[in-house]
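Peer 1: what follows is a predicted structure for the sequence shown.
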Amino acid sequence: MRLRPVRPAGWWCDGLLLAALVALTVALTAGHLFGLDRAVADWSATHRPTAARWVAMAFNLLGQGTPLTLLAAGLGVLLAWRVRSVRAVLPPVTAFVLTFFTIGPLKVWTARPAPSASVKEPFLPPEQTLPLFQHELPVRFAQSYPSGHVANAIVWYGVLALLLVPLLRTVGRTVPARLVTVVRMVPPTVVFCTTVYLGWHWLTDSVAGLLLGLLLDRLLRRVPWNALPLPARLGGWARPVDQLD
C-alpha cells in the first residue's frame with residue numbers, strides 16, 4: 001500500500017505548515033501580532049455597512065462545519081450505494097475523525113476570545129480579547145483560535161471535490177480538473193475573507209485555520225482509499241471505486 005502523491009511532493013511542505021502554525025501560536029502567546037489583529041478588526045468594523053454585512057454573512061455559511069459534514073456524508077453514502085462499495089464513505093468518515101480531534105481540542109486549549117467579545121457577552125475590555133490561554137473564561141467565550149470555519153472549509157471542500165468526480169462518473173458525466181480546483185479553493189478563500197471581515201475571528205485566527213486546514217487536507221489527499229485493507233466479510237462491498245484515488 002503506497003501513499004498517494006501530493007503537490008508539492010514530499011513531507012517538507014507538511015513540516016513547514018506545522019512549523020508555521022507552531023511559530024504563529026508562540027508569537028501570539030508572547031503578545032506579538034496583536035497590533036495587526038486589532039488594526040484589521042477595527043478597519044473591518046468601520047467599513048461594514050449593513051448590506052455588506054448581510055452579504056458577508058450569507059457567503060460565510062459556506063464554512064459551516066455541520067452542514068458540510070452532512071453533505072459530504074450524504075454524497076459518500078450515495079456514491080457507496082451507486083457503486084456498491086463502502087470505500088466511498090471512508091473519506092468523509094476519516095475527515096470527520098481528523099477534524100474532530102484537532103480543530104476543537106486546539107480551540108479549547110488555546111482559549112482565545114473573538115474580537116466581538118468586547119461588544120457582546122462576556123463584554124471583555126478590548127485589550128483582554130486578544131491574548132491566548134484565557135482558561136478562566138467559560139469555554140463558549142474562548143474558542144476563536146484557530147478558525148474552525150476556515151480549517152473546515154479547506155478539509156470538507158477537498159472531500160467534496162474528491163467524491164464529486166466518481167459520483168458524476170456514475171451518471172456518465174465528467175468533471176473538468178479546473179472545476180475541481182474551483183471547488184477546492186474558492187469557498188475556503190471566501191470563508192477566510194468573510195470571517196475576518198465580520199469580526200468573528202482575528203486575522204491570525206484565520207491564518208492559523210488556513211495552516212491547519214492545509215495540513216489536514218494534505219494528510220487526507222495522501223490516503224490510498226482503494227488500497228486500504230478492509231474486513232473480508234464485506235465481500236464485493238470492498239471493491240475499489242473508480243477515480244476515488
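Peer 2: Structure's in. What do you need?

Peer 1: secondary structure element holding T25?
Peer 2: Using DSSP states H and E, T25 falls within helix 12-29.

Peer 1: contacts for that helix, please.
Peer 2: Identification of contacts with helix 12-29 by CB atoms under 8 Å, 6 or more residues apart in numbering yields 6, 33-34, 110, 112, 131-133, 145-146, 204, 207-208, 211-212, 214-215, 218-219. Where C-beta positions appear, they are placed from N, C-alpha and C, glycine not excepted.

Peer 1: ok, 6 Å please
Peer 2: Residues outside helix 12-29 that contact it (CB atoms under 6 Å, 6 or more residues apart in numbering): L33, L132, A208, L211, L212, L214, L215, R218.

Peer 1: how about these in a markdown table, adding neighbour count and secondary structure?
Peer 2: Listed next are the contacts of helix 12-29 as a markdown table, based on neighbours: other CB atoms under 10 Å; DSSP: H, G, I helix; E, B strand; the rest coil:
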| residue | neighbour count | secondary structure |
| --- | --- | --- |
| L33 | 16 | coil |
| L132 | 19 | coil |
| A208 | 26 | helix |
| L211 | 24 | helix |
| L212 | 26 | helix |
| L214 | 22 | helix |
| L215 | 22 | helix |
| R218 | 18 | helix |
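
Peer 1: okay if I get these as a markdown table plus distance to V159 and pLDDT?
Peer 2: Listed next are the contacts of helix 12-29 as a markdown table, based on distance: CB to CB, whole Å; pLDDT from 0 to 100:
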| residue | distance to V159 | pLDDT |
| --- | --- | --- |
| L33 | 31 | 97 |
| L132 | 29 | 97 |
| A208 | 21 | 98 |
| L211 | 19 | 98 |
| L212 | 16 | 98 |
| L214 | 14 | 98 |
| L215 | 15 | 98 |
| R218 | 13 | 97 |
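
Peer 1: can you read off the pLDDT for L219?
Peer 2: We have a pLDDT of 97 for L219.

Peer 1: what number of residues lie near it?
Peer 2: For L219, the neighbour count with other CB atoms under 10 Å is 17.

Peer 1: let me know the secondary structure of it.
Peer 2: helix (DSSP: H, G, I helix; E, B strand; the rest coil).

Peer 1: spatially nearest residue to it, not counting backbone neighbours?
Peer 2: Distances taken as CB to CB, 6 or more residues apart in numbering place L98 nearest to L219, at 6.9 Å, with adjacent residues excluded.

Peer 1: so for whichever helix or strand the one you found is part of, what's the average pLDDT?
Peer 2: Using DSSP H and E, the secondary-structure element containing L98 is helix 90-100. On average, the pLDDT along helix 90-100 is 97.

Peer 1: can you check stretch 48-61 too?
Peer 2: In this model, stretch 48-61 has a mean pLDDT of 96.

Peer 1: tell me how far the residue lying closest to D245 once chain neighbours are set aside lies from L90.
Peer 2: Excluding the flanking residues, the one nearest D245 by CB to CB, 6+ apart is N226, at 5.1 Å. Counting by CB to CB, to the nearest Å, the gap from N226 to L90 is 9 Å.

Peer 1: related to what we said a few turns ago, the residue nearest to L219: neighbour count?
Peer 2: Number of residues near L98 (other CB under 10 Å) recorded here: 15.

Peer 1: so where do the strands sit in this structure?
Peer 2: Read by DSSP state E, the chain holds no strands at all.

Peer 1: picking up where we left off before, tell me the one of the contacts of helix 12-29 nearest T194?
Peer 2: A208 (16.7 Å; CB to CB).

Peer 1: let me see the contact set for the residue nearest to the closest one when sequence neighbours are not counted.
Peer 2: Closest residue in space to A208, ignoring its immediate chain neighbours: P146 at 3.4 Å, by CB to CB, 6+ apart. With contact set as CB under 6 Å, 6+ apart, P146 has these partners: D205, A208, G209, L212.
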